[in-house]
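*Asks:* Quick one, fold the following:
(one chain, ligands or ions: 1)
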Amino acid sequence: MHQMTLAEIARGLADKKFSSEELTKVLLARITQLDPQLNSFISLTEELAIEQAKAADARRANGESGALLGAPIAHKDLFCTQGIRTSCGSKMLDNFKAPYDATVVAKLAAAGAVTLGKTNMDEFAMGSANESSWYGAVKNPWNLEHVPGGSSGGSAAAVAARLLPAATATDTGGSIRQPAAFTNLTGLKPTYGRVSRWGMIAYASSLDQGGPLARTAEDCAILLQGMAGFDQNDSTSIDEPVPDYSASLGESLQGLRIGVPKEYFSAGLDPRIAELIQNSIKELQKLGAVIKEISLPNMQHAIPAYYVIAPAEASSNLSRFDGVRFGHRCEHPKDLIDLYKRSRGEGFGAEVQRRIMVGAYALSAGYYDAYYLKAQKIRRLVKNDFMAAFNEVDIILGPTTPNPAWKLGAKNSDPVAAYLEDVYTITANLAGLPGLSMPAGFVDGLPVGVQLLAPYFQEGRLLNVAHQYQLHTDWHTRTPQGF
Ligand code: GLN
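*Replies:* Presented below is the predicted three-dimensional model:
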């Protein structure tokens, strides 16, 4: 039962082959049995899950239908869940029970999805390895000595290990696409403003975007359908109609113009990954796509710009955690300043503190123009590169990551080495564009992802290209041994 995709579960539930309650119990037992190896969950919500599953079964018995009605999922632990711990992977929020549901959580619950729990993540979504979580590192089910990617590593490891079919995640600089690549999943970062950020604990507000992690493009379409849409509670939510994503999956790729940026294949890319990307290009050519070399000349400036903008926004967003209103509070403060200092010093881990310091520095009066303003100008150049490219091509294709998943601990002493691994993903966040990663093969038994980028609001196009590719390849069906 645990091997089923969301689409298969929807068909099974509709055909009354099993109930949501039965399926939910099977998966909860599987999580209890296998997750100690992976550490992919921070909280399990068994009681809520059984209650939601029973309610979904009752709704089906009353004639209701829907692809998410009775479907088991989990939420990355930065989506607020009413009355349930929402930790953001941090000691700071270990004792925080959200007083309300995030819009994404509420929408999926209304569609009948069953929440099995909250998944592990890098602290405040800062990281690329899921090692900065206060709840400990997550392991990659493809090789337990390797990282699953981050920051949505818990959602990725759980879905890859078949503990559940799909999970929510967020992507500020790659945190949906990179763990998808590292664990052989399909993950989609939507256009900025497509999915509501209300109730999603903020890291870098102008870059953060929620989206689905699943095993197939078909399943990403189902989960995205439940997440997307205008929300008046989020001032950056965009009031655009949400298309039927599953209906966009049948289109031919005949004549599809795919741009391959020459900068993507420069030094730094593992040649074995380059070869797998070339193979996926050939596969798409067989399906009718036309390949064109393009250039994204400002890509080289994207990492420095991102690692100014994201920490700057984080330093501002995280100022609310002061030990007064919510979250961790130090013992016996001697005065208010001591309360702030020690509560923050004790509550935040090293990477979060590093970014708050970098961000506060970049925003400070004497340095704002030199760093933050400059980074914003680079951001515009990166966006302009994409706009020029999309005048010539329909999608852009390349590797998701320069290397496969590294060993646990390998980049802990060198944060910049980890930042450099984001080279292919962060440009989409800077520009606000949608991006998808899908399985493209293996290197040394570790999965490799190919990334597709599209113009604003063309999530359907990305999902269709990935779906057509998955109809003709079987990388996405491979299962990690022992799971
Ligand atoms: N690795 C990037 C960072 O550490 C991206 C993280 C994310 O997308 N949440 O900021």
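
*Asks:* and the residue of the chain most remote from its centre, what element?
*Replies:* The outermost residue of the chain, judged against the average C-alpha position, is K334 (41.0 Å), by C-alpha atoms, centre = their mean. Per DSSP states H and E: K334 is located in neither a helix nor a strand.

*Asks:* Please apply the same query to the one 5 residues further on.
*Replies:* Per DSSP H and E: L339 is located in helix 336-347.

*Asks:* buried ones in that helix?
*Replies:* 339-340, 342-344, 347 (16 or more other C-beta atoms under 10 Å). Every residue, glycine included, has its C-beta placed from N, CA and C.

*Asks:* Spell out which residues of the stretch 251-400 of the chain are next to the ligand.
*Replies:* Taking C-beta under 6 Å from any ligand atom as the contact definition, the stretch 251-400 of the chain meets the ligand at A310.

*Asks:* from the stretch 251-400 of the chain, which residue is nearest to the ligand?
*Replies:* Closest approach between the stretch 251-400 of the chain and the ligand, counting by C-beta to the nearest ligand atom: A310, at 5.2 Å.

*Asks:* host element of that residue?
*Replies:* helix 302-317.

*Asks:* who touches that helix?
*Replies:* 124, 126, 172-173, 202-207, 352, 355-360, 362-363, 371-372, 374-376, 378-379, 382, 419-420, 422-423, 426-427, 429-430 (C-beta atoms under 8 Å, 6 or more residues apart in numbering).

*Asks:* Separate out the buried members of the residues you listed.
*Replies:* 124, 126, 172-173, 202-207, 352, 355-356, 358-360, 362-363, 371-372, 374-375, 378-379, 382, 419-420, 422-423, 426-427, 429-430.

*Asks:* And the helix or strand encompassing A418, what does it pack against?
*Replies:* A418 belongs to helix 415-420 when elements are defined using DSSP H and E. Applying 3 or more C-beta pairs under 8 Å, 6 or more residues apart in numbering; DSSP states H and E, we find helix 415-420 packed against helix 302-317.

*Asks:* what does the average pLDDT come to for the helix it packs on?
*Replies:* Averaging pLDDT along helix 302-317 gives 97.

*Asks:* in that helix, what's buried?
*Replies:* Quick answer for helix 302-317 (16+ other C-beta under 10 Å): 302-303, 305-317.

*Asks:* L93 is in contact with F348, correct?
*Replies:* No - with contact defined as C-beta atoms under 8 Å, F348 does not reach L93; the gap is 10.3 Å.

*Asks:* Show me where this structure has its strands.
*Replies:* In the chain, the segments counted as strands under DSSP state E are 41-44, 72-76, 114-119, 166-170, 186-189, 210-214, 257-261, 290-294, 395-399, 435-443, 446-453.

*Asks:* will you turn those into TSV that also has mean neighbour count?
*Replies:* Output for those, formatted as TSV (neighbours: other C-beta atoms under 10 Å):
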stretch	mean neighbour count
strand 41-44	22
strand 72-76	30
strand 114-119	29
strand 166-170	31
strand 186-189	34
strand 210-214	31
strand 257-261	19
strand 290-294	15
strand 395-399	23
strand 435-443	26
strand 446-453	27
